[in-house]
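Trainee: sequence first, then the predicted structure:
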Amino acid sequence: MAAEIKELLKEHGTKKIGEVQLAQVYQGMRGITGLVTETSLLDAQEGIRFRGYTIPELQQKLPKAENGSEPLPEGLFYLMLVGELPSEDDVHHLTSVWQRRSHVPNHVFATIEALPVSTHPMTQFVVAVMALQTESLFAKRYAAGMNKKDYWDPAFDDAMDLIARLPRIAAYIYRRKYKNGEHIQPNGLLDWAGNFAHMMGYGDESFIELMRLYMTIHADHEGGNVSAHTTHLVGSALSDPYLSYAAGMNGLAGPLHGLANQEVIKWIFEMREELKTEAPSKEQIGNYVRATLEKGKVVPGYGHAVLRKTDPRFTAQMEFGKKHMPDDPLVQTVWNIYEAVPPILKSLGKIKNPWPNVDAHSGALLVHFGMVEYEFYTVLFAVSRALGVLASLCWDRALSFPIERPKSITTALVKRWLKGEDEIWGD
Ligand code: AMX
């Protein structure tokens, strides 16, 4: 593939892909095509496709656990990394390799224990990943002197080890913070998501199915989102996969990105408390939304930088809810919010996408099974996101992508440029 890209650039490297307007430079680089991510592609109208497959297609085509009906996330990782659908055997192989590589050294747990229990779970998680960086093969081999052509090899090993170890770390943080530190040993017979659910203390078959779906749909959302882009950017400095992933997850911990899933449930709980009802009407929801906007806050779980329709990840979760818990009052509230919010956001005229994103639904499904500790939700997102960003990082090293370094400018330069006194194309 590297040879193919070299050829492609030789022939077409000077072709223009688009124009950049001044506003885009000030406004989050929205719409500027600036990087290559092979694992998935986002269509504003249709939503995400992983190596060409939509979420419903993945639910149909990826291998499932025995008696399960949701895809195994191992299969999605294989698809994103290799570019082809895996067989049942490929997926079982990945499950057993990740089981074998899942050992977390004691100093990682000791590092977590050094933090106050009150520390946000995402902070504990990222600190633990940083502590685990001692295990990086990429860092060791780079220090020992490694040929550029070999970078992908230890990057792949680090990615595999890290993915294998994350459920244990995340479950440890969950049990430490919320279950009096009563930890649950891994079950070597379970799949990656199933074992994760088990170690957190959830044995219900429907919850395990939810984890398989959750880990699959949160894995990747093309390359420009904060967590994927940060992982890629930091990796471009040849920081190893542990450092790069930890950096990306610090971005996922922001309320406009992955933290939105905790914000949604917090917002709904506060609404129920204020309205003194577990089942607010659509009218009550509408008034609460307007009050939220009047306070200058965002409605969490709604809007998107790229998507312009209901997020198919929202729809997949709604379908799970219809199948497993159609009468749950909180899940029904999420569905009522789905009816109430878009017309209000549309009426403001400035919001480009009034529709729900992935985070609008996930919390309600978790609460149904008793996982009410919403500060933990972004950690689940982070474990899943490892699959996409680390598969991409392997490709970054295999394709020898260079250090990323876009040009920035100052407003003083913009003013001189507007007066025709200076050029914007500096070095
Ligand atoms: N509630 C209220 N206002 C919103 C809004 C929402 N849900 N979504 C967008 N807006 C506002 C913006 O704040 C902006 O206002 P401003 O001009 O006064 O600054 C205006 O509408 C235009 O914004 P936009 O171009 O439509 O969105 P964006 O690309 O700048 O931002 C996003 C996208 C997701 C950050 C934004 O929609 C938002 O803040 N949503 C709520 C938080 C959320 O759910 N985040 C999770 C996203 C998915 C994910 O990454 N996990």
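Mentor: It's in.
Trainee: count of neighbours near the nearest residue to E88 once chain neighbours are set aside?
Mentor: Residue nearest to E88 in three dimensions, not counting chain neighbours: P63, with 4.7 Å by C-beta to C-beta, 6 or more residues apart in numbering. Glycine gets a C-beta too; all of them are placed from N, C-alpha and C. P63 is flanked by 19 other residues according to other C-beta atoms under 10 Å.
Trainee: need the contact list for P63.
Mentor: Contacts for P63 (C-beta atoms under 8 Å, 6 or more residues apart in numbering) come out as 71-72, 75, 86-88, 90-91.
Trainee: which of those residues count as buried?
Mentor: Neighbour counting with 16 or more other C-beta atoms under 10 Å marks 71-72, 75, 86, 90-91 as buried within those.
Trainee: and the two most separated of the residues you listed?
Mentor: P71 and D90 (13.1 Å; C-beta to C-beta).
Trainee: quick check: chain neighbours aside, which residue is closest to the residue positioned nearest the centre of the chain?
Mentor: The residue lying closest to the centre of the chain (C-alpha atoms, centre = their mean) is R385, at 3.7 Å. Leaving aside its sequence neighbours, R385 sits nearest to S227 (C-beta to C-beta, 6+ apart; 5.5 Å).
Trainee: looking at this, L41 is in a strand?
Mentor: Yes. According to DSSP: H, G, I helix; E, B strand; the rest coil, L41 belongs to a strand.
Trainee: need the residues of the protein near the ligand, please.
Mentor: Within the chain, the positions adjacent to the ligand are 225, 256-258, 260, 293, 298-305, 350-353, 357-359 by C-beta under 6 Å from any ligand atom.
Trainee: got a ChimeraX select line for the buried ones in those?
Mentor: Those of those that count as buried under 16+ other C-beta under 10 Å are selected in ChimeraX with:
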select :225,257,258,260,298,299,300,301,302,303,304,305,351,353,357,358,359
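Trainee: inside helices: which ones of the residues of the chain next to the ligand?
Mentor: 260, 293, 359 (DSSP state H).
Trainee: measure the first one to V379 for me?
Mentor: By that I understand A260. 14 Å (C-beta to C-beta, to the nearest Å).
Trainee: overlap of the contact sets of these two?
Mentor: By C-beta under 8 Å, 6+ apart, no residue touches both A260 and V379.
Trainee: in helices, which of the buried ones among the contacts of P63 appear?
Mentor: Using DSSP H, the subset of the buried ones among the contacts of P63 located in helices is 75, 90-91.
Trainee: so who does whatever residue of the chain ends up closest to the ligand touch?
Mentor: Using C-beta to the nearest ligand atom, the single residue of the chain nearest to the ligand is G303, 2.2 Å away. For G303, the contacting residues are 345, 351-355, 357, by C-beta under 8 Å, 6+ apart.
Trainee: next: E423.
Mentor: W417.
Trainee: mind saving the C-alpha coords of stretch 32-49 as PDB?
Mentor: C-alpha atoms of stretch 32-49 as PDB (Å, rounded to 0.1, in the frame of the first residue of the first chain):
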ATOM      1  CA  ILE A  32     -10.700  21.300   5.600                       C
ATOM      2  CA  THR A  33      -9.500  18.000   4.400                       C
ATOM      3  CA  GLY A  34      -6.100  17.500   6.000                       C
ATOM      4  CA  LEU A  35      -5.300  14.000   7.000                       C
ATOM      5  CA  VAL A  36      -5.700  10.400   5.900                       C
ATOM      6  CA  THR A  37      -7.300   7.800   8.200                       C
ATOM      7  CA  GLU A  38      -8.000   4.400   6.600                       C
ATOM      8  CA  THR A  39     -10.100   2.800   9.300                       C
ATOM      9  CA  SER A  40     -13.400   4.600   8.800                       C
ATOM     10  CA  LEU A  41     -15.100   7.400   6.800                       C
ATOM     11  CA  LEU A  42     -17.900   9.700   7.900                       C
ATOM     12  CA  ASP A  43     -20.700  10.900   5.600                       C
ATOM     13  CA  ALA A  44     -22.500  13.900   6.900                       C
ATOM     14  CA  GLN A  45     -25.900  12.500   5.900                       C
ATOM     15  CA  GLU A  46     -25.400   8.800   6.300                       C
ATOM     16  CA  GLY A  47     -23.100   8.500   9.300                       C
ATOM     17  CA  ILE A  48     -20.100   6.400   9.800                       C
ATOM     18  CA  ARG A  49     -18.800   3.500   7.600                       C
END
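Trainee: okay, buried residues for that stretch please.
Mentor: 32, 35, 37-42, 47-49.
Trainee: can you pull the contacts of the residue lying closest to R308 once chain neighbours are set aside?
Mentor: Nearest non-adjacent residue to R308, counting by C-beta to C-beta, 6+ apart: A44, 4.5 Å away. A44 sits next to 306-309 when contact means C-beta under 8 Å, 6+ apart.
Trainee: put the buried members of those residues into a PyMOL selection.
Mentor: Command for PyMOL that selects the buried part of the contacts of A44, burial taken from 16+ other C-beta under 10 Å:
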select buried, resi 306+307+309
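Trainee: reformat the contacts of A44 as CSV; add pLDDT.
Mentor: Formatted as CSV, these follow (pLDDT from 0 to 100):
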residue, pLDDT
V306, 94
L307, 96
R308, 96
K309, 96
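Trainee: nearest residue to W335 other than its sequence neighbours?
Mentor: Using C-beta to C-beta, 6+ apart, the nearest residue to W335 is M318, at 6.9 Å.
Trainee: number of residues surrounding that neighbour?
Mentor: M318: 20 neighbours (other C-beta under 10 Å).
Trainee: which residues touch it?
Mentor: Counted by C-beta under 8 Å, 6+ apart, M318 has contacts 334-335, 338, 361.
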